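> Fold the following for me, if possible:
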Amino acid sequence: MPPPQRSPQEIRASIEANRVELGNAVAQLRGEVGLATNWRYQLEQHKKQVMIGAAVAGYVIGGGLAIITRRKRNRR
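Residues are numbered from 1 along each chain as shown. Next comes the predicted model:
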């Protein structure tokens, strides 16, 4: 069965509606990308995780240096 024929006005209206919808989607996406790439906002939203990560990194770096220092002392 062939698709129903649409008038030029219906096609134009459909194109315009799609254009408006696409414009709104792009604007929304632009806002979401702006938030996702804003490191200050992300830091504020994930403060607890950042503090835990910093503590773990400090412990690992500090402990790693202590182990290296201990190994050098034991070789003497």
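
> quick one, what contacts the residue nearest to the spatial centre of the chain?
Centroid-nearest residue in the chain: residue 36, 4.2 Å away (criterion: Cα atoms, centre = their mean). Residues near residue 36 by Cβ atoms under 8 Å, 6 or more residues apart in numbering: residue 42. (Glycine included, C-beta is placed from N, CA and C.)

> how far away is it from residue 29?
For residue 36, the distance to residue 29 equals 10 Å [Cβ to Cβ, to the nearest Å].

> Look up how far residue 56 lies from the residue nearest to the centre of the chain.
Taken as Cβ to Cβ, the span from residue 36 to residue 56 is 24 Å.

> now do residue 32
Distance from residue 32 to residue 56, by Cβ to Cβ: 30 Å.

> What does residue 3 show for phi and psi?
Per-residue torsions, residue 3: phi -70, psi 150 (degrees, to the nearest 10).

> what's near enough to touch it?
So residue 3 contacts nothing (Cβ under 8 Å, 6+ apart).

> Please renumber the chain so that the first residue is 57 from this point on.
Sounds good: first residue 57 from here, last item residue 59.

> Give the burial count for residue 119, as a bare number.
Applying other Cβ atoms under 10 Å, we find 10 residues neighbouring residue 119.

> Which strands and helices lie in contact with the helix or strand harbouring it?
Secondary structure from DSSP states H and E places residue 119 in helix 103-131. Packing partners of helix 103-131 (3 or more Cβ pairs under 8 Å, 6 or more residues apart in numbering; DSSP states H and E): none among the helices and strands.
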